[in-house]
Structure formats: C-alpha cells, structure tokens
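Student: with the sequence up front, the predicted model follows.
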Amino acid sequence: MKLKISFLILVCIFLISVVFAYDAINSLVLTNPDDETITGNTSIILNWTFLGYNVSEMVLTFNGTNSSISMTNCSNTTLLTGLRLKYFCSFNQTGLSPAYANTWHVKINDSDNVNVTSENRTIRIDNGNTGIGTVYNWTIADSDLTYNLSVTDTTPSICQAQVLEYNGSEYLNYYTSTGSYGTIGAYDLSSYCSGTIDSSQLSNNGKIIVQYRVGDMLGNINYSNKTGIFTSLYDGWNIAAWPDLNTSTESDTVVNICNKIDNCDIITWQNNSNGSSSFVTYDTTTPSINNDTRISSGEGILIHVSADSYILAHDRLPNNGESNQFTTIYNNTWNALGLIEDANLSTVYNAVANGTTNKNISMVSWNNAGTWITCQRSNGLCGGTSDAPSDVLVKQGQGVWVLVEDMGQTNITINRTGISS
C-alpha cells in the first residue's frame, strides 16, 4: 500500500513538472515563405509553427507594424512526449509594397510573460514590369566600350549587352557582355545596368547592333537597341571614317580620337579646304602640336597604330540631308576618303561629282587586312588579283585612297551617301 502511494506521489510530481516545464513557448519556426521570396502579388500567406502552452498573445510584425494574431489562425496537435501543443499557424498578409523589401517576424507570449521572437524574413514583390529608361552614350577608351542604362524594376537580375554583327545576309548575335546592377532606388525603383564590350571579341567590320537585354527574377524581359561601328585596324597605317561624335554634324579633336583607340600613336588628316591638299599630323610623341585639329563625322583620316587594334564607336556617320554628307577631294593627287555606307570598289571610283555626271576618280586603293588592293576604272580586274572591283566590298566606317583625274578643276565635291552598294 505504501508502495502504491509513493508511486502515485511520483506520478503527480512528474505531471506537475511536465506542466511547468512546457508552459513556456519554444521552437518558433517560420515555415513559409522562404527568406527573399519573390512574388508578383500584393498579398501572401505566411506560415509558422511553435510548441507551447497557455499562449497569451501572438504578434506579427510586418514592415514595422505590429498586428495581434488570433489563435483561431492556428490549429494544434498534442505531442505524445508531453502536455504541450504544437501549433500550425497561417495568416494572409496583404499590402506588400514593391518599393522596398517587405520584412516580417512573429513574437509569441505565454501567460507568464515569457516570449519568443522568430527570425526576420524578407519578401520582395515584383510588379511584372521591367522598364528601360535612359540609354546613355557609350564611354569609349582604348577600343573598349562601356555601356550604361537605367532600368526600372524591383527585382532586376539580368543585365546583358548582346552584340549583333552582319554576316552578309542578316544580323546575328555574335558576342554577349554580362553587366551588373547597382543599388535599387528606394523611391523610383530604378537601378543602373552597366558593363564593358571588349572589342577584341568582335570580327565583322561595319555596322553593329548592341541589343540591351534586361530582366527580373520573375522572368520579365525587355530589350533596347543601339547601333555602332566596328572597324579593324592593322599594325601600321590605316584609313578609316571616324564615326563617333555627340551628333553626326559635330567634330571631335584628334586627341580624343586617339585616346579612344588602343595602340594609337599618330593621326593624320588631309586638309583640302584651301584649294590645295596638305596633311595635318598629330603625334603622341609631340602631344602639343596639332592637338586641337578637329575631325567631322565620317571624314577619312589616317590612323597609325603600333599593333593591331580596333575602332568601336557610336554610329553617327552622316545621313542623307546633312551637310557633312559631302566631302571635298583634290585634283591630281591621292585623297583619303571615308565611307559612310557599305560600297564595292567599282561604286567608289564611279562616284560622280556633286551636281554633275562627271566620274572624276580614276583609281581606288584599299587596305584589306594588311594587303593593299588597287583597282583602276580602265581595267577589268584589280591589280595583281583575280578580283573584279565590284566583288571587293568595303564596309561603312572603313576608308580608301582615291586618285582624282585632271578635269580642269581644283577641287571636286562628292556626296558620300551616293557611294553605296
């Protein structure tokens, strides 16, 4: 009998200890959604679990605002290991804001004012729009191109510049530069996508299309295009049409041009403006001489590089209707002519003087990857080759030498938009 009484006393002590041991709240776990969850909705179901007994208060803090959550939002099961309950809670939180990361946590009190607070979690809302704002001018130095554009999105993730080159029949994606995003603005939801296009990754001379591709974590994608000119330069002297200015009707200094071209050490410009042909030279070894010489868009210039290099620039070559679509070339001498359209060599030497039907160019010479090809209008084939002039294609942005016949004139003017294949 004494043994049974002692056993009952022990059971009662055990049960009392269990009640007091499990009175406190513990094991509070946020189960859903995961931290940094992305949603396209302005509401979301929040879930959490905890172990406890005698719950007196449950508080959800969402974006700094406290809300008392009724226990009717929870279901429970009794644990086999004791008298405490395991609660499964669910709450539909509305009012998610796309302007910032939405944060939340849960705090639970028991009847003895013992409380447990959960971790903080973040929810981001994506409004479903990926907007491209301002596409800024490229910054060009040493033949590489830095791009920058503003993007409006709450969860930007993709930032690419896809370079499309013309293969003779269509533009194809040739090279992709992956950029990066800056900090998202707290009020306008904008950030900046920026990166660099490495000119050494390109190969086809002429017009390029830079297609910006931006996207977010929900898979929304947006595109914007910008055009440029790519020109290969070879160790030594090259002729090119300089395309990169703020607008196609402005001019640029030879210092700026040389700084934009890797390995550039000399630039020479042929001045035909005063009725006689002369060359004006800027040399990096004598940087104070002729350093303010200004080059108009599309003018043919001679560029000396100490190693193979490239021009990678905006496409601001003159269009039809702009004053600098015309260029002047001098009689009885070779002239550097920049091409603003793709043209074969036959088209070049058959160009007519402006306002006439006179074809004044008798010979044209082009540097093809270090090999000069010279064609004469009176011959069927280009010298030393089996190529007909009409089969030799020169891309816009490149340049040629042209020899003008004596037509009894000092200078002649050519409309370069008419030199096109």
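Tutor: Looks like it came in fine.

Student: so what's the residue count around residue 221?
Tutor: 10 (other Cβ atoms under 10 Å). C-beta coordinates here come from the backbone N, C-alpha and C atoms, glycine included.

Student: the closest residue in space to it that isn't next to it in sequence: neighbour count?
Tutor: Excluding the flanking residues, the one nearest residue 221 by Cβ to Cβ, 6 or more residues apart in numbering is residue 215, at 4.3 Å. When neighbours are defined as other Cβ under 10 Å, residue 215 has 19 of them.

Student: what residues are up against residue 215?
Tutor: If you count contacts by Cβ atoms under 8 Å, 6 or more residues apart in numbering, residue 215 has them with 130, 156, 157, 158, 221, 222.

Student: from residue 146, how far off is residue 245?
Tutor: 17 Å (Cβ to Cβ, to the nearest Å).

Student: repeat for residue 264
Tutor: Taken as Cβ to Cβ, the span from residue 264 to residue 146 is 18 Å.

Student: and residue 417, by the same measure?
Tutor: For residue 417, the distance to residue 146 - Cβ to Cβ - is 30 Å.

Student: thinking again about what came up before, of residue 245 and residue 146, which one has the most company?
Tutor: Counted by other Cβ under 10 Å, residue 245 and residue 146 do not tie: residue 245 has more neighbours, with 21 against 15.

Student: tell me which element the more buried one is part of?
Tutor: Element membership for residue 245, per DSSP states H and E: none, as it lies in no helix or strand.

Student: so it sits against residue 297, correct?
Tutor: Yes. Using Cβ atoms under 8 Å, residue 245 is in contact with residue 297, at 4.9 Å.

Student: please tabulate the contacts of residue 215 in TSV, including the columns pLDDT, distance to residue 323 and secondary structure.
Tutor: TSV is the format used below for the contacts of residue 215 (pLDDT from 0 to 100; distance: Cβ to Cβ, whole Å; DSSP: H, G, I helix; E, B strand; the rest coil):
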residue	pLDDT	distance to residue 323	secondary structure
130	83	40	coil
156	83	42	strand
157	85	46	strand
158	89	42	strand
221	90	41	strand
222	91	37	strand
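
Student: just the buried ones from those?
Tutor: 130, 156, 158, 222 (16 or more other Cβ atoms under 10 Å).

Student: grab the nearest non-local neighbour of the last one.
Tutor: Nearest in space to residue 222, with sequence neighbours left out and distances taken as Cβ to Cβ, 6+ apart, is residue 130 at 4.4 Å.

Student: show me what contacts that neighbour?
Tutor: 151, 152, 153, 156, 214, 215, 216, 220, 221, 222 are the contacts of residue 130 under Cβ under 8 Å, 6+ apart.

Student: farthest-separated two in the residues you listed?
Tutor: 152 and 221 (13.9 Å; Cβ to Cβ).

Student: where does pLDDT dip in the stretch 1-150 of the chain?
Tutor: When residues are selected by pLDDT under 70, those of the stretch 1-150 of the chain lie in 1-24, 78-84, 99, 127.

Student: go again with 50.
Tutor: Low-confidence segments of the stretch 1-150 of the chain (pLDDT under 50): 7-22, 80-81.

Student: ok, and the closest non-adjacent residue to residue 57?
Tutor: Nearest residue to residue 57 in three dimensions, chain neighbours excluded: residue 109, at 4.3 Å (Cβ to Cβ, 6+ apart).

Student: may I have the secondary structure class of the one you found?
Tutor: What DSSP: H, G, I helix; E, B strand; the rest coil gives for residue 109 is strand.

Student: kindly report the same for residue 256.
Tutor: helix.

Student: enumerate the beta-bridge partners assigned to the residue nearest in space to the middle of the chain.
Tutor: Geometric centre of the chain, nearest residue: residue 161, 4.0 Å, by Cα atoms, centre = their mean. Beta bridges link residue 161 to residue 177, residue 212, judged by DSSP bridges.

Student: ok, residue 68 next?
Tutor: residue 59.

Student: kindly report the same for residue 38.
Tutor: Bridge pairing for residue 38 - DSSP bridges - gives residue 124.

Student: how close does it get to residue 335?
Tutor: For residue 38, the distance to residue 335 - Cβ to Cβ - is 61 Å.

Student: looking at the two, which one has more neighbours?
Tutor: residue 335 (22 against 15).

Student: stretch 288-297 spans what distance, first to last residue?
Tutor: 23 Å (Cα to Cα, to the nearest Å).

Student: what residues of it count as buried?
Tutor: Under the neighbour-count criterion of 16+ other Cβ under 10 Å, stretch 288-297 has 290, 291, 293, 295, 296, 297 buried.

Student: distance between that stretch and the chain's centre?
Tutor: 31 Å (Cα atoms, centre = their mean, to the nearest Å).

Student: contacts for it, please.
Tutor: In contact with stretch 288-297 (Cβ under 8 Å, 6+ apart) are residues 242-243, 245, 247-255, 257, 267, 269, 280-283, 301, 316-318, 324.
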